[in-house]
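In: Kindly return the folded structure for what I paste below:
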Amino acid sequence: MFAVSYRGYWSHGSSIVLAINMVGVLLLKPEDKVILFEFPFKDIESILLDPSENFVTITLQKSDIEKQRVFVLETSEKTEIGALIASYCPSLANWIREAEAPLRRVKQITNEDRLRLHNQLINCRRALVDSNTLRKPIDDGKGFLKNTLRKLSAKKLEKLRAEALTNEQGEVYKGFSHTYWAFSKMILPQTLTNLPDPDEQGSLEIFSLILTYSGLFPVNKEDANVNKEEEDHVLLIQSVLDKAMKKDCLVNEVFLQLMKQTTDHPEPNSRVNLRHWSLLALACSIILPVDKIVRKYLLAHLKKCSADFVTEEGKYARFAERCFQKTLGTRRRQWPPSKQEIMCTINRRPIYARFHFMDGQFHAVEFDPSATAQEVLKLVKAKIGLRDTAEGYAIYEVLGQQERSLLNDEKVADVMSKWEKYRAAGGTLSRQSRHHMFLFKKHLFLDEYINLNDPVEKELLYYQVLCDLRSDRFPVTDMEAVMLCALRAQIELGDYTSGVGDYRQVMSHCLPPRLLVNLQKEHVSMHHQSLLGLNVEEAKQSFLNLIQCWPLHKATLFDVTQSFTSNWPKSLWMAVDQRGVHLLEARTRNVLTTYEYESIMDYTPSLNHMLIITGTDKKQSKIIVNTNQAFQMSNLIREYMEKIVEGRERAKSIQNVPDMMGVMATD
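Out: Residues are numbered from 1 along each chain as shown. Next up, the predicted model:
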């Protein structure tokens, strides 16, 4: 048995006991050892030991019944737990070599398969030559002996020439010999593709950086500091990809350079070759060749090298091919990879990031470099046991006091790269302003998106509302403030006991400092006495019921200022919910005006302003508010309007079904 902490939301508390026997895994209550859950080994899909945190993740097999499949446990004994499970059930030992688990051969690769892959590669090369994309190689007149350093007899020369012709037969096409496509330790005399003059020198510099990273180009070796060397390598990789991402023609050139350096290296397991391969795999996870013929050649190259199940080169090729397939069809990256992404990808591992929650907890999640916010959102939901059908949630990036919800097709790794750039350039920023993190919370508060019967969703919404209260983003009356603090005391302290509990501390967990000044702890303790016998779940439900008394409790509030009328205060709240946009006096429930979505004709965000045009085609009015969250407000309005339109269309299609059935019956 192992004492562990459950990292999720349920009614059994966080401290539990993990028990392992020959049949399976059990989760027990620590007090009386009552079995909470029992997982036979046959029902477990995988066991994952987090490489960076003390987390053990148990994932169950899929079933027809909708139930929680993922359980995340925190423990310092994760290695012992993994070893014990592996000894009882070796089939669940994928965590030992998790990076290699997907690389097992599905079927034996035959010589015919290798020949077919080789022919596909040759055809792709010929198609590239025919497309006039490539620059014809320079003929220096030395032929195949240009690198020979020793004198040979005429007989030996003829023999070598015959062997060379035999080896290169079928690979010399329109002046492009095998040496054009294969590994070279020398600096390129010219670019591989036809490039404009301004870009030619830049592409040759990129190839020099590739040689430097692999160790073929001389560098200053006086500083033997390992960390310094790692930093230098990261900067080299970022420089290569940053230069390549700026122009489509450079993307094609860099991929051809990397394919050249990973073709027919004399020592497949050498450090030089593996560094070239790690760079190619990283490039495949960031961006793909723009030219379709180059892209087809890249895929043929990866497939041919993936057939090698002996050397490390084959492992990198299979990893690069998976990166290629996952990047295909996704949104283009805006930033070069971050240091963390580089270190994970060149070691053939997914990226790792922490995702925080409104109650202060976090979960460590691994994802692919090409993963979108929508894909990562599903991973986070599974981690905390939130049902797959739960909608309206989003991942936010938080910078100091500012936050922004990620778009569905936005790449999470790109956001991490942007953070690294900001931190590197933010010497004048305060420590708080440089702090970045991912936050998981409710984004759209549509009626059909809220299910308080789901214990996980109820817990998430409770802490989100609590955070809004504490940060002064939710207006309450004095009486409501007392009642909310009393309910919080019931949750934190349990039933009232005279002289027990620090009510001031409980109140500070619930309300902003502005409201605490006028609130008496005696009033809170008196109301706390009236809640005797109320359990934690009932107290949280009562807390949420009290919050729902305000009609705009589902709205997202933004701080704005206005100067277009003297009838309103300068500082306002703009509230956006499923009904429309509302302007309120700041930190009050006083609604000044409401614009329903049907009346909003246009809304335009800018860096510091938000313009909203309302009315009809004949008569229009406009308001301009000052805010630094205009784009966030605009995205939220757009998403609500899209969801409302989708809901109407869905209702209309459902309504049309009975009408169609009636017509068919009449016929």
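
In: residues in contact with residue 378?
Out: residue 388 (CB atoms under 8 Å, 6 or more residues apart in numbering). (Glycine included, C-beta is placed from N, CA and C.)

In: How much space separates it from residue 325?
Out: 18 Å (CB to CB, to the nearest Å).

In: what does residue 36 give?
Out: In terms of CB to CB, residue 36 sits 40 Å off from residue 325.

In: buried set for the longest helix anywhere in the chain?
Out: Determined from DSSP state H, the single longest helix within the chain is helix 630-666. For helix 630-666, the neighbour count (16 or more other CB atoms under 10 Å) marks 630, 632, 633, 634, 635, 636, 637, 639, 640, 643, 644 as buried.

In: how about CSV for these, with pLDDT and distance to residue 596 added?
Out: Output for the buried residues of helix 630-666, formatted as CSV (pLDDT from 0 to 100; distance: CB to CB, whole Å):
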residue, pLDDT, distance to residue 596
630, 96, 20
632, 96, 21
633, 96, 16
634, 96, 17
635, 96, 19
636, 97, 15
637, 97, 12
639, 96, 16
640, 97, 11
643, 94, 15
644, 92, 10
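
In: isn't residue 620 right up against residue 602?
Out: No: applying CB atoms under 8 Å, one finds residue 620 not in contact with residue 602, separated by 9.1 Å.

In: in the stretch 51-200 of the chain, which spans are helices?
Out: 78-88, 111-130, 154-168, 178-181, 197-214 (DSSP state H, counting those that start in this stretch).

In: helices and strands around the fourth one, which ones?
Out: So that's helix 178-181. helix 248-261 (3 or more CB pairs under 8 Å, 6 or more residues apart in numbering; DSSP states H and E).

In: got a list of contacts for the helix it packs on?
Out: Counting by CB under 8 Å, 6+ apart, 133-134, 180-184, 188, 191-193, 195-196, 199, 202-203, 206-207, 210, 214, 240-241, 243-245, 276, 279-280, 283, 287-291, 294, 297-298, 301 sit against helix 248-261.

In: what's downstream of it, the next helix or strand?
Out: Where DSSP states H and E defines the elements, the next helix or strand beyond helix 248-261 is helix 271-286.

In: quick one: buried residues of that following helix?
Out: In helix 271-286, counting by 16+ other CB under 10 Å, buried: 272-286.

In: quick one: it to helix 248-261, angle?
Out: On the basis of axes from the mean of the first three to the mean of the last three CA atoms, to 10 degrees, helix 271-286 is oriented at 150 degrees to helix 248-261.

In: when you compare where helix 271-286 runs with where helix 197-214 runs, what's the angle?
Out: Going by the same axes, to 10 degrees, helix 271-286 makes 130 degrees with helix 197-214.

In: Return the mean pLDDT over the helix or strand that helix 271-286 is followed by, rounded to an integer.
Out: As assigned by DSSP H and E, the chain's next helix or strand after helix 271-286 is helix 292-306. Regarding helix 292-306, the rounded mean pLDDT is 96.

In: And the contacts of helix 292-306?
Out: 114, 117-118, 120-121, 123-125, 127-128, 131, 133, 252, 255-256, 259, 262-263, 284, 288-289, 313-314, 317-318, 320-321, 324.

In: change it to 6 Å
Out: Contact with helix 292-306 is made by 117, 120-121, 124, 127-128, 131, 252, 255, 259, 288-289, 317-318, 320-321, as judged by CB atoms under 6 Å, 6 or more residues apart in numbering.

In: go on, stretch 614-633?
Out: Contacts of stretch 614-633 (CB under 6 Å, 6+ apart): 404, 558, 560-562, 564, 595, 599-600, 605-606, 609-613.
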